[in-house]
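[1] Sequence plus the predicted model coming up.
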Amino acid sequence: MRRRYPASPSGEGSFIKEDGILVNRVGRICTLGGLLLLACAPVHANTGEPEFNLGGAVRFSYGWLDYGPSTDFEPELVRIDADGRTGPAFFSLQYRWYDGFDALHHAYVGWELDDSSDIRAGVQQAPFGLLPYASHSFWFGSGYYLGIEDDYDLGVVWQREQGPHQFHAGVFFGDEYGSGARYDRYSFDVAQTDDLPYRERERVNLRYEHTGAWGGGELKLGGSLFHGRVEQRVENRKYDHDGAALHAHWERGPTTVQLQWARYRYRTPESRIAMSAFMFPFEIAAEADVPTFNVAYELPRAGWFDAITCYNNLSTTQPVRSDPGLRESWQNVTGCSFAKDKMFTYVDWIAGKNMWFVGGDGIGIEEPGSNRWRSRLNINIGFYF
């Protein structure tokens, strides 16, 4: 039987250039320095006048695969964004249309407590690990597919920046749809399948990060924790779900280095659990370490482009439980991103070993024929307005 693969994962090139900065439509601003696409801070500018912004994006993608048929250059995404504020109150939402399904990205309302802190309620990014992403590429890192990078769930999050300190605390009530049986979603959540009928329930996230000088550059060191539960839908039993991460982000001029170690654990009887997004359920190891090592360099002369950043993102999933049905997975992405006005382009090469989305059946699991390297070339061109 011919194996079916989704056309593409997420890809977050949602940035346009305005007056020397790159601005995305999720309420974050990124400088054009070595922190391109990485060191973004919430926007707290409050002029006192009501504001409303409407935007969106259209993306096109091409892929060449060494393990299956290539994909034609075709539309990959259409999305709409809206955000606004009046006084200390603000909101943000984004909805996406992919080939074959549509999904909510985020939708939340917030209240600015003071110039350095706010509280937000709704479907929003869970604060865990390197923010906003533990990666630079269209494909993100292994953590994205495991639900610990760029994960959006329903909850309440408080955040504060106080001098060199950044704090996050969040309470989440489940995934964005409250159902593990729905596979048409953007971020990866626990899936309800016949063999593994689970869904995400309540969870608490805590995150701290400190910014200081080191090695002639800026170093951000932090730690993250979460604890929650998943529900077995047949017997209505709940099991613990927890995770931890230590993370570092260093920038000196055009160079950026990211390091992260993360561990997640589902304390379920099985050695595997199912995840889903982009219409496809698959299985992962129920407990694993996820080390990440990323480097990026912004070219000193961009020429016709406003900015060019090249990167290599390496991550691996190492199962903790001793089980013959588990095996380590690897993912490496090498490529460059190109920014020009409202156009943002990724050209990257993703290689994976026993890795879902690069020819593998899951992540951290043992499947016949999966223990070899597979790769694909990706070109994604987006227009953001």
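    Alright, I've got the coordinates. Numbers count the residues shown, from 1 in each chain.

[2] contacts and neighbour counts: CA atoms only from here.
    Will do.

[3] How far off centre is stretch 115-131?
    Offset of stretch 115-131 from its chain centre (Cα atoms, centre = their mean, to the nearest Å): 14 Å.

[4] er, stretch 327-347 I mean
    13 Å.

[5] Would you mind writing the CA trace of it as PDB?
    In PDB, the C-alpha atoms belonging to stretch 327-347 read as follows (Å, rounded to 0.1, in the frame of the first residue of the first chain):
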ATOM      1  CA  ARG A 327      14.200   3.700  18.800                       C
ATOM      2  CA  GLU A 328      15.800   7.200  18.600                       C
ATOM      3  CA  SER A 329      14.800   9.700  15.900                       C
ATOM      4  CA  TRP A 330      16.900  12.400  14.300                       C
ATOM      5  CA  GLN A 331      16.100  15.600  12.300                       C
ATOM      6  CA  ASN A 332      18.500  18.100  10.700                       C
ATOM      7  CA  VAL A 333      17.500  21.100   8.700                       C
ATOM      8  CA  THR A 334      20.000  23.200   6.700                       C
ATOM      9  CA  GLY A 335      18.900  26.200   4.800                       C
ATOM     10  CA  CYS A 336      18.400  30.000   4.400                       C
ATOM     11  CA  SER A 337      15.600  32.400   4.700                       C
ATOM     12  CA  PHE A 338      15.200  35.500   2.500                       C
ATOM     13  CA  ALA A 339      13.200  38.600   3.300                       C
ATOM     14  CA  LYS A 340      12.200  41.200   0.800                       C
ATOM     15  CA  ASP A 341       9.500  43.700   1.600                       C
ATOM     16  CA  LYS A 342       6.300  41.700   2.200                       C
ATOM     17  CA  MET A 343       7.800  38.500   0.700                       C
ATOM     18  CA  PHE A 344       9.500  35.800   2.900                       C
ATOM     19  CA  THR A 345      11.100  32.700   1.400                       C
ATOM     20  CA  TYR A 346      12.500  29.500   2.900                       C
ATOM     21  CA  VAL A 347      14.900  27.300   1.000                       C
END
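
[6] I'd like the mean pLDDT over that stretch, please.
    The average pLDDT within stretch 327-347 is 97.

[7] Then stretch 217-233?
    Across stretch 217-233, the average pLDDT comes to 98.

[8] how far away is residue 156 from residue 124?
    Residue 156 sits 8 Å away from residue 124, going by Cα to Cα, to the nearest Å.

[9] Neighbour count: these two, which is higher?
    It is residue 124, of residue 156 and residue 124, that has more neighbours when counted by other Cα atoms under 10 Å, with 24 against 21.

[10] Surely that one and residue 154 touch.
    Yes: the criterion here is Cα atoms under 8 Å, and residue 124 meets it with residue 154 at 6.5 Å.

[11] all strands of the stretch 101-250 of the chain, in order?
    Here the stretch 101-250 of the chain has its strands, by DSSP state E, counting those that start in this stretch, at 101-114, 117-125, 152-162, 165-175, 189-190, 198-214, 217-232, 237-252.

[12] From the chain's centroid, how far away is the helix or strand residue 284 falls within?
    Here residue 284 is covered by strand 280-285, with elements defined by DSSP states H and E. Centroid separation between strand 280-285 and its chain, computed with Cα atoms, centre = their mean, is 17 Å.

[13] buried sites along it?
    Neighbour-count burial for strand 280-285 flags 281-285 (criterion: 16 or more other Cα atoms under 10 Å).

[14] Paired strands for it, with orientation please.
    Looking at strand 280-285 with DSSP bridges, its partner strands are strand 272-277 (antiparallel), strand 362-363 (parallel).

[15] so after the shortest one, what's the next helix or strand?
    To tie it back to what came earlier, the one meant is strand 362-363. strand 373-384.

[16] That next one packs against which elements?
    Judged by 3 or more Cα pairs under 8 Å, 6 or more residues apart in numbering; DSSP states H and E, strand 373-384 is in contact with strand 51-65, strand 343-353.

[17] Report the contact partners of the most centrally placed residue in the chain.
    Central residue of the chain (Cα atoms, centre = their mean): residue 150, 2.7 Å from the mean position. By Cα atoms under 8 Å, 6 or more residues apart in numbering, the residues touching residue 150 are 125-126, 132-133, 144, 187.

[18] Who wins on neighbours among those residues?
    Tallying neighbours with other Cα under 10 Å puts residue 126 at the head of the contacts of residue 150, with 30 neighbours.

[19] is it true that it touches residue 152?
    Yes: assessed by Cα under 8 Å, residue 126 is found in contact with residue 152 at 5.8 Å.

[20] how close does residue 318 get to residue 242?
    16 Å.

[21] Could you do residue 349 as well?
    Distance from residue 349 to residue 242, by Cα to Cα: 32 Å.

[22] Repeat that for residue 132.
    According to Cα to Cα, residue 132 and residue 242 sit 20 Å apart.

[23] follow-up on the earlier one: between residue 349 and residue 242, point out the one with more neighbours.
    Between residue 349 and residue 242, residue 349 has the larger neighbour count (other Cα under 10 Å), namely 22 against 18.

[24] hmm, who's touching stretch 330-342?
    Here stretch 330-342 has contacts from 15-17, 137, 139, 141-142, 304-317, 344-355, 383-385, using Cα under 8 Å, 6+ apart.
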